[in-house]
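Trainee: got a predicted model here, sequence first, then my questions.
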Amino acid sequence: MTDLSVGMRSEAQPRIVVGVDGSETSVRAVQEAVRLAAELGGVVEAVAAWEPPTKGSSYEALGIGSFAEGARHVLDGALAEAFGESLPALLSSRVERGSAATVLVAASEGARYVVVGRRGRGGVMGLLLGSAGAAVLNQAHCPVMVVR
């Protein structure tokens, strides 16, 4: 029998990765990922990605701090919107530098599922699926759930 420390997960626990960009659909996606993980006895890894813009203002100009701090602010805000002040124990979160699609595809390695919202913050309005979601759908190493 293996003794697991607090915060450590068993390899037998299914890991569900969810992309969070602060959009309404990503808030629903993280709620759905937690519901699914609870049913499967798994854990959820909420991931926010960031990359500096090629031009334009920075988070510093907006008074938020660095790009990573801005992404953390968005992630924490979305999790608070989804669950209030009491985050589920099976939920962890992290921020990574890179495009959303690249970060989520890499995170999908070894995951049971990846969950994404139908549309995020970027892209062209009217598309049924955002570009990051479409890339994840086509390149993930595991099944992908798209939440409306």
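Mentor: The structure has been received and is ready for your questions. Residues are numbered from 1 along each chain as shown.
Trainee: quick one: pLDDT of the residue at minimal distance from the centre of the chain?
Mentor: Averaging the C-alpha coordinates of the chain gives a centre point, and the residue nearest to it by C-alpha atoms, centre = their mean is Gly19 (2.3 Å). The predicted local confidence for Gly19 comes out at a pLDDT of 95.
Trainee: is it in a bridge, and if so with what?
Mentor: Per DSSP bridges, the residues bridged to Gly19 are Val47.
Trainee: hmm, it is touching Thr25, no?
Mentor: No: Gly19 lies out of contact with Thr25 (C-beta atoms under 8 Å); the separation is 10.0 Å. For every residue, glycine as well, the C-beta is placed using N, CA and C.
Trainee: got the contact list for the residue nearest to the centre of the chain?
Mentor: In this structure, Gly19 makes contact with 26, 29, 47-49, 100, 103-104, 114-117, 120, 132-133, 136, judged by C-beta atoms under 8 Å, 6 or more residues apart in numbering.
Trainee: let me know the closest of the residues you listed to Val144.
Mentor: Taking C-beta to C-beta as the measure, Val114 is the one of the contacts of Gly19 closest to Val144, at 4.9 Å.
Trainee: any idea how far Glu85 is from the residue nearest to the centre of the chain?
Mentor: Distance from Gly19 to Glu85, counting by C-beta to C-beta, to the nearest Å: 23 Å.
Trainee: and what of Thr25?
Mentor: In this view, Thr25 and Glu85 are 22 Å apart by C-beta to C-beta.
Trainee: more neighbours: which of these two?
Mentor: Neighbour comparison, Thr25 and Glu85: the larger count goes to Thr25, with 19 against 5 (by other C-beta atoms under 10 Å).
Trainee: spell out the secondary structure type for the more buried one.
Mentor: In three-state terms, and counting by DSSP: H, G, I helix; E, B strand; the rest coil, Thr25 is helix.
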